[in-house]
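Undergrad: predicted model and sequence below, questions to follow.
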Amino acid sequence: MDRIVAVLRAFGEATRLRILALLARGELTVSELVQILGQSQPRVSRHLKLMAEAGVVERLPEGAWVFYRLTDDDPPTRRIADAAVAGLPGDDMTLRRDLERLETVKAARADAAASYFRAVALDWDRIRALQLAEAQVEDAMRAAAGDGPFAFMIDVGTGTGRVIELFADQAERAVGIDLSHEMLTIGRANLAKAGLAHCSVRHADLYALPFDDGVADLVTIHQVLHYLDDPGLAVAETARTLAPGGRILIVDFAPHGHEFLRDEHAHRRLGFSDDEVRDWAAVAGLTLDDPVALEPKKDGLTVKIWTARLAGEAAGRRRLEARA
Ligand SMILES: C[S@@+](CC[C@H](N)C(=O)[O-])C[C@H]1O[C@@H](n2cnc3c(N)ncnc32)[C@H](O)[C@@H]1O
């Protein structure tokens with residue numbers, strides 16, 4: 001009873017209800033909330049502190065930024081918070097304006113990332129090589145993917161199509177998707193140059209993949225999630241496309257403190273913990289293998305490979321066995 005009263009108090013105030021409604025749509029930083037709510041940072045921080053103390057929101061410091069999100073750790077509290085959000089009037093002008101500003105903030109963020117990729121597309125393979133010990137990562141990815149063959153592979157956020165090339169000899173068909181036309185132009189040229197007629201790239205948003213449910217037996221998401229607003233949602237959408245026995249290889253950085261990657265390379269998240277990735281996988285109905293950690297190339301960036309699997313027998317393997 002005391003607990004419920006504390007939770008209700010934590011958002012029993014107009015600004016805190018607005019914060020609740022915003023965080024119900026995904027995690028936000030303090031400065032994004034300040035922008036949307038039009039209130040001073042100390043004021044917004046005070047509200048957030050109260051909500052965090054009551055366990056309604058989680059505070060996730062990461063480098064110079066602090067992310068806030070609605071709790072996932074305490075289901076009863078989350079249910080009360082969700083019920084409060086569901087009860088908010090859709091025609092309230094303040095709430096509607098907040099949601100409009102939220103869309104503006106998200107669009108500005110997406111624009112910043114898109115213009116980064118537009119600008120670096122021609123140079124991406126060089127930048128990629130600077131950040132990663134490529135050969136080591138690629139060997140580890142092939143090991144994590146297993147022997148194949150893969151009836152259908154999807155590469156999410158394919159960029160210049162490098163990961164498709166990596167698996168082209170194991171995939172009967174592979175499609176890479178990306179939002180950046182500049183990246184896709186280079187990816188398309190790379191696949192043509194390599195003579196990979198069974199591989200292609202197409203324009204799509206990874207939050208709404210242009211594929212039916214359960215079609216892919218290998219999905220790769222290589223160095224993409226740290227640019228995103230909602231990496232968990234991206235994993236869930238990717239999992240939707242997975243066939244029984246299929247797997248997703250998530251390749252990204254372990255938690256790090258290289259703040260300059262935000263300023264100079266449009267990163268939003270400074271790496272991910274195993275627990276965070278395991279939670280996304282669990283929500284998407286997948287199980288996670290033990291993660292593989294690849295030692296830093298030079299500047300302390302550890303690359304991780306997380307393999308998430310959907311139970312069942314893989315289609316490519318089944319077909320191979322049927323042919324034998
Ligand atoms: C760092 S690049 C990685 C490219 C490639 N996977 C590689 O490792 O070389 C990230 C890619 O994700 C793409 N991307 C970012 N947000 C996206 C979205 N919402 N939908 C599809 N692609 C997206 C970018 O356009 C960019 O090409």
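TA: That came through fine. Numbers count the residues shown, from 1 in each chain.

Undergrad: which is the next helix or strand following the helix or strand where R109 lies?
TA: For R109, the host element (DSSP states H and E) is helix 93-120. Of the helices and strands lying after helix 93-120 in sequence (DSSP H and E), the nearest is helix 124-131.

Undergrad: how about that next one and the ligand, touching?
TA: Yes: judged by C-beta under 6 Å from any ligand atom, helix 124-131 and the ligand are in contact via R128. Every C-beta, even on glycine, is put in place using the N, C-alpha and C of the backbone.

Undergrad: could you give the angle of the helix holding R109 to helix 124-131?
TA: If you take axes from the mean of the first three to the mean of the last three C-alpha atoms, to 10 degrees, helix 93-120 sits at 100 degrees to helix 124-131.

Undergrad: to the chain's geometric centre, what's the distance from helix 93-120?
TA: 16 Å (C-alpha atoms, centre = their mean, to the nearest Å).

Undergrad: what packs against that helix?
TA: Judged by 3 or more C-beta pairs under 8 Å, 6 or more residues apart in numbering; DSSP states H and E, the packing partners of helix 93-120 are helix 14-23, helix 30-37, helix 181-193.

Undergrad: lowest mean pLDDT across those helices, which one is that?
TA: With a mean of 91, helix 181-193 has the lowest mean pLDDT of those.

Undergrad: burial measure for E172, as a count.
TA: Counted with other C-beta atoms under 10 Å, the neighbours of E172 add up to 16.

Undergrad: that one contacts C199, doesn't it?
TA: No: between E172 and C199 there is no contact under C-beta atoms under 8 Å: 10.2 Å.

Undergrad: in space, what's closest to the residue of the stretch 1-150 of the chain found nearest the ligand - neighbours in sequence excluded?
TA: Per C-beta to the nearest ligand atom, F117 is where the stretch 1-150 of the chain lies closest to the ligand, at 4.1 Å. Distance criterion C-beta to C-beta, 6 or more residues apart in numbering; nearest residue to F117, sequence neighbours excluded, is S180 at 4.2 Å.

Undergrad: now that neighbour: how far from the ligand?
TA: Distance of S180 to the ligand, computed by C-beta to the nearest ligand atom, to the nearest Å: 4 Å.

Undergrad: quick one: residues contacting that residue.
TA: A114, F117, R118, A121, G159 (C-beta atoms under 8 Å, 6 or more residues apart in numbering).

Undergrad: quick one: pLDDT of it?
TA: At S180, the pLDDT value in this model is 92.

Undergrad: phi, psi of it?
TA: Main-chain dihedrals, S180, degrees, to the nearest 10: phi -90, psi 120.

Undergrad: what about A281, how many neighbours?
TA: Applying other C-beta under 10 Å, I find that A281 has 24 neighbouring residues.

Undergrad: where's it, which helix or strand?
TA: Per DSSP H and E: helix 274-283 holds A281.

Undergrad: so which elements touch the helix or strand following that helix?
TA: Following helix 274-283 in sequence order, the next helix or strand is strand 287-288 (DSSP H and E). Secondary-structure packing of strand 287-288 (3+ C-beta pairs under 8 Å, 6+ apart): helix 274-283, strand 303-309.

Undergrad: would you list the ones you listed in JSON lines and tack on mean pLDDT?
TA: Below are the helices and strands packed on strand 287-288 laid out as JSON lines (pLDDT from 0 to 100):
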{"stretch": "helix 274-283", "mean pLDDT": "94"}
{"stretch": "strand 303-309", "mean pLDDT": "96"}
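
Undergrad: including distance to M153, could those go into a markdown table?
TA: As requested, these are exported to a markdown table (distance: least, C-beta to C-beta, whole Å):
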| stretch | distance to M153 |
| --- | --- |
| helix 274-283 | 19 |
| strand 303-309 | 14 |
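
Undergrad: so which of those is the most surrounded?
TA: strand 303-309 (a mean of 22; mean count of other C-beta atoms under 10 Å).

Undergrad: alpha carbons of that one, as PDB, please.
TA: The C-alpha coordinates for strand 303-309 follow below in PDB (Å, rounded to 0.1, in the frame of the first residue of the first chain):
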ATOM      1  CA  VAL A 303      33.900  -5.000 -29.900                       C
ATOM      2  CA  LYS A 304      31.300  -7.500 -28.800                       C
ATOM      3  CA  ILE A 305      29.400 -10.100 -30.700                       C
ATOM      4  CA  TRP A 306      26.100 -11.100 -29.200                       C
ATOM      5  CA  THR A 307      24.400 -14.000 -30.900                       C
ATOM      6  CA  ALA A 308      20.600 -14.200 -30.300                       C
ATOM      7  CA  ARG A 309      18.800 -17.300 -31.400                       C
END
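
Undergrad: great, nothing more from me.
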